[in-house]
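K.L.:
Everything below, folded, please.
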Amino acid sequence: MGIKRVKPTTPGRRGATFDDFSDITVSKPFKRLTKSKRRTSGRNVQGKITIRHRGGGAKRNLRLIDFKQDKFDIPGRIDTIEYDPNRGARIALLCYNDGEKRYIVASDGLKTGDTVVSSQKKIEAKTGYRMPLKYIPIGMEVHNVELKKNAGAQLARGAGNLVKLMSVEGDRAQLKMPSGEIRLVSGDCSATIGKASNPDKRLIKLGKAGRSRYLGIRPTVRGKAMNPVDHPHGGGEGNQPIGLKAPKTPWGKKALGVKTRKKNRPSSRLIIQRRKKRK
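P.N.:
Model (predicted):
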């Protein structure tokens with residue numbers, strides 16, 4: 001993938017950058033592995049908004065991704081590298097010898113014609129190969145990591161994401177997460193060698209509000225721009241500070257930096273070092 005700039009014909013295009021899609025091999029997905037996506041616009045089953053600032057956006061179909069990769073010890077050939085509107089990383093269409101096709105999250109560096117293998121045994125540690133953490137060499141970068149054996153990948157699935165394997169002691173593997181958190185995971189959990197594809201996605205600048213609307217993101221109004229009845233930060237003549245010791249949510253609870261993780265959560269004992277604090 002590369003980042004391209006365009007002529008600054010408008011203020012919105014002056015600062016915008018775009019994906020050149022040079023790594024994409026086909027423009028249309030494999031139809032049998034897609035299904036329509038129902039929009040929720042941030043609402044729950046009762047129709048109440050639980051996530052604000054969502055709605056609209058371009059229509060998109062879901063790609064059925066194989067996060068388990070449980071077709072063990074059978075080589076799969078990469079037929080295509082495709083764009084997925086529902087995630088930042090690219091997806092790859094695997095074709096097995098028996099004719100079955102599956103989508104996976106593509107590893108960075110894979111290209112059409114390459115072969116990848118998923119196994120429960122120790123195999124060669126090549127980019128795109130998948131095996132349990134206890135068989136992966138220490139210090140390697142991995143992605144698509146499971147939290148429970150055979151439950152499917154849950155960690156490091158986003159564009160350019162990776163997890164570093166620090167050590168394997170007994171039946172536990174020690175992982176360093178993208179956030180800086182160090183945690184323990186069962187050595188029987190599988191992971192894919194390498195990092196997720198499309199690492200340059202973080203360099204894309206939208207440039208204008210309209211591109212956010214295409215993504216289904218609605219506008220966010222500052223609390224200090226509201227009236228006192230609408231927000232704790234509201235009120236005052238002109239451009240004023242919030243006038244509080246700490247910022248608050250629209251409902252009066254403290255925001256920014258407040259710990260939300262439950263103290264007695266069972267998985268807390270698996271966290272060796274918490275993530276880095278924001279400066």
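
K.L.:
Can you pull the domain assignment for this structure?
P.N.:
Structural domains annotated on the chain: 23-202, 223-273, as defined by automatic domain parsing.

K.L.:
just those domains: most buried one?
P.N.:
domain 23-202 (a mean of 17; mean count of other C-beta atoms under 10 Å). Where C-beta positions appear, they are placed from N, C-alpha and C, glycine not excepted.

K.L.:
if we compare the domains of the chain, which one ends up closest to residue 211?
P.N.:
Residue 211 lies closest to domain 23-202 among those, at 10.4 Å (C-beta to C-beta).

K.L.:
per-residue confidence for the nearest residue to residue 198 once chain neighbours are set aside?
P.N.:
Once flanking residues are discounted, residue 198 sits nearest to residue 159: 4.2 Å by C-beta to C-beta, 6 or more residues apart in numbering. We have a pLDDT of 95 for residue 159.

K.L.:
go on, residue 1?
P.N.:
Residue 1 is assigned a predicted lDDT (pLDDT) of 68.

K.L.:
With residue 279 instead?
P.N.:
49.

K.L.:
Find the centremost residue of this protein, please.
P.N.:
When C-alpha atoms, centre = their mean is applied to the chain, the residue found nearest the centroid is residue 158 (2.9 Å).

K.L.:
Please give me every residue in contact with that one.
P.N.:
Taking C-beta atoms under 8 Å, 6 or more residues apart in numbering, we find residue 158 in contact with 87-89, 196.

K.L.:
Going along the chain, name the helices of the stretch 101-250 of the chain.
P.N.:
For the stretch 101-250 of the chain, the helices defined by DSSP state H, counting those that start in this stretch cover 209-214.

K.L.:
what about it, any weak spots by pLDDT?
P.N.:
The stretch 101-250 of the chain contains no residues with pLDDT under 70.

K.L.:
Could you measure from the residue nearest to residue 58 when sequence neighbours are not counted over to residue 43?
P.N.:
Closest residue in space to residue 58, ignoring its immediate chain neighbours: residue 214 at 5.1 Å, by C-beta to C-beta, 6+ apart. Computed as C-beta to C-beta, to the nearest Å, the residue 214 to residue 43 distance reads 20 Å.

K.L.:
which residue sits farthest out from the middle of the protein?
P.N.:
Largest centre distance within the chain, by C-alpha atoms, centre = their mean: residue 237, 41.6 Å.

K.L.:
residues in contact with that one?
P.N.:
By C-beta under 8 Å, 6+ apart, no residues touch residue 237.
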